[in-house]
Structures are given as structure tokens and as C-alpha cells.
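A.B. asks: How does the following fold in three dimensions:
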Amino acid sequence: MHSYAEQPLHGEAHDRNLLSTPDGLRWIDLEGACVGPLEWDLAFLPEEAVGVFPEADTELLGLLRTLNSARVATWCWVRWEFAEMRWHARYHLEQVRRADSNRKIV
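C.D. replies: Numbering: from 1, shown residues only. Reported below is the predicted structural model:
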């Protein structure tokens with residue numbers, strides 16, 4: 001079981017949800033805004049960006065990355081008729097399978 005501090009989250013913090021303005025970067029597409037662990041937003045970012053957050057729980061981050069890939073794969077399979085969605089569905093399903101095969105049996 002994980003414990004974590006809750007905080008406001010974007011909910012889908014990736015570079016396509018950032019808008020460059022004269023006043024700096026602004027988050028857009030706030031339909032997934034929620035409250036939860038920092039690691040949920042970090043799960044959308046590349047590994048090198050996560051290094052800016054040394055307080056991140058790496059075990060929880062790994063689990064949430066897998067959960068996020070399962071979410072994305074499911075969403076993309078529904079839109080299977082579009083080639084880009086098929087690619088994303090396959091890619092994220094493979095991430096889930098890889099995480100499952102690396103899971104430690106207790």
C-alpha cells in the first residue's frame with residue numbers, strides 16, 4: 001500500500017497540453033484536473049523531466065506509468081480505425097505487458 005500527499009494535478013500533463021504565451025507556458029485541456037499524488041502527473045513526462053522532482057516515489061511512479069499506459073491503450077483501441085491510434089494502442093499495451101512480465105512474484 002502506498003501513502004502519498006494529495007495535491008492539485010493537471011491530470012494529463014504532457015507537452016501537447018502546454019501552450020506558449022507571452023507570459024510563459026500555460027496548461028490547457030483541463031478536463032482531467034484532479035487531486036492525487038505528484039507521481040500521477042509525472043507519469044506523463046519523460047524520464048529526464050522526472051529528475052527535477054527528487055521527492056518523487058519511484059516505485060509509485062512506475063506503477064502509475066503502467067496504469068497510465070493501460071488507460072491510453074484502452075482509449076486508443078476504441079478509435080482503432082485511425083492509424084495513429086492503432087500505433088498508440090499497440091505501444092501502450094506493450095508497456096503494460098512489459099511491466100507485467102517484470103513484476104516480482106511474492
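
A.B. asks: Look up how far residue 30 lies from the residue of the chain positioned farthest from its centre.
C.D. replies: The centre of the chain is farthest from one residue, residue 22, which by Cα atoms, centre = their mean lies 27.5 Å away. Relative to residue 30, residue 22 is positioned 20 Å away (Cβ to Cβ, to the nearest Å). To be clear about C-beta, it is placed using only N, CA and C from the backbone, and glycine gets the same treatment.

A.B. asks: ok, now residue 13?
C.D. replies: Residue 13 is 11 Å from residue 30, by Cβ to Cβ.

A.B. asks: Between these two, which is the more surrounded one?
C.D. replies: The neighbour comparison of residue 13 against residue 30 (other Cβ atoms under 10 Å) goes to residue 13, with 17 against 11.

A.B. asks: so who does the more buried one touch?
C.D. replies: 27, 41-42, 44-45 (Cβ atoms under 8 Å, 6 or more residues apart in numbering).

A.B. asks: Which of those residues sits closest to residue 70?
C.D. replies: Taking Cβ to Cβ as the measure, residue 70 lies nearest residue 44 of those, at 13.8 Å.

A.B. asks: Where does the closest one sit: helix, strand or coil?
C.D. replies: coil (DSSP: H, G, I helix; E, B strand; the rest coil).

A.B. asks: Kindly provide the distance from it to residue 83.
C.D. replies: Distance, residue 44 to residue 83, by Cβ to Cβ: 23 Å.

A.B. asks: Those two - which one has more neighbours?
C.D. replies: Between residue 44 and residue 83, residue 44 has the larger neighbour count (other Cβ under 10 Å), namely 20 against 8.

A.B. asks: Can you show me the helices along this structure?
C.D. replies: Ranges of helices within the chain are 38-42, 47-50, 58-78, 83-102, based on DSSP state H.

A.B. asks: Point out the most buried one among the ones you listed.
C.D. replies: helix 38-42 (a mean of 22; mean count of other Cβ atoms under 10 Å).

A.B. asks: that older thread, biggest separation within the contacts of residue 13, which pair?
C.D. replies: Taking every pair in the contacts of residue 13 and measuring Cβ to Cβ, the maximum separation is 14.6 Å, between 27 and 42.
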